[in-house]
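Trainee: kindly generate the corresponding structure for this input.
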Amino acid sequence: MSDKFFFKGRQDARQNHKTPGFQTKANHKPGSKKYPMDLVVTSHERMQEVEALVAKAELYAEITIDSSEGAVESIGPLTVAQSKVSTVKVEKMPNRNEPCYCGSGKKSKKCCG
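Mentor: Take a look at the predicted model:
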């Protein structure tokens with residue numbers, strides 16, 4: 001058996017796949033108590049509207065008012081959090097020959113199975 005592949009100085013094949021810093025905040029959930037969203041509004045009336053939206057979505061946010069001339073409103077993280085669609089949960093999977101739960105009329109094995 002050749003020892004050319006088991007030489008002490010062999011390079012690690014996974015060397016190129018180890019990149020530090022990629023998705024360092026993967027567990028960071030914006031809008032939680034630990035990581036509240038930072039939102040900027042331009043008036044007190046708009047602040048009350050945004051506070052109502054945050055309370056309705058059951059999120060946490062730090063809202064600041066920037067009433068200077070040319071100020072830009074920044075509520076992007078809130079709109080992203082509101083537009084997320086929840087997953088569809090099916091209580092019981094249909095058998096192979098029953099109609100599919102998506103409503104297509106086909107058998108489950110030929111549609112979503």
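Trainee: helices along the protein, start to end?
Mentor: Under the criterion DSSP state H, the chain carries helices at the ranges 44-56, 76-83.
Trainee: list the buried residues of the last one.
Mentor: It refers to helix 76-83. In terms of neighbour count (16 or more other C-beta atoms under 10 Å), helix 76-83 has its buried residues at 77-78, 81. C-betas here are computed from N, CA, C, even on glycine.
Trainee: equivalent analysis for stretch 50-59, please.
Mentor: So for stretch 50-59, counting by 16+ other C-beta under 10 Å, buried means 50, 53-54, 59.
Trainee: ok, stretch 58-76 next?
Mentor: For stretch 58-76, by 16+ other C-beta under 10 Å, it's 59, 61, 63, 75.
Trainee: state the distance from C111 to K89.
Mentor: To K89, C111 is 18 Å away according to C-beta to C-beta, to the nearest Å.
Trainee: tell me which of these two has more neighbours.
Mentor: C111 (15 against 5; other C-beta atoms under 10 Å).
Trainee: how about the more buried one, what does it touch?
Mentor: 100, 102, 104 (C-beta atoms under 8 Å, 6 or more residues apart in numbering).
Trainee: repeat that with 6 Å
Mentor: By C-beta atoms under 6 Å, 6 or more residues apart in numbering, the contact set of C111 is 100, 104.
Trainee: repeat that for E98.
Mentor: S108.
Trainee: run the last query once more with 8 Å
Mentor: Taking C-beta under 8 Å, 6+ apart, one finds 107-108 in contact with E98.
Trainee: just K107 next, same as before
Mentor: 96-100, 113.
Trainee: closest one to T42 out of those residues, please.
Mentor: Of all the contacts of K107, C100 has the smallest distance to T42: 49.4 Å, by C-beta to C-beta.
Trainee: and the strands in this structure?
Mentor: Here the chain has its strands, by DSSP state E, at 37-41, 61-65.
Trainee: low-confidence ranges in this structure?
Mentor: 1-12, 15-26, 90, 113 (pLDDT under 70).
Trainee: distance of D66 relative to E51?
Mentor: From D66 to E51 the distance is 16 Å (C-beta to C-beta).
Trainee: and the strands of the chain as JSON lines, adding distance to H28?
Mentor: As requested, these are arranged in JSON lines below (distance: least, C-beta to C-beta, whole Å):
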{"stretch": "strand 37-41", "distance to H28": "11"}
{"stretch": "strand 61-65", "distance to H28": "15"}
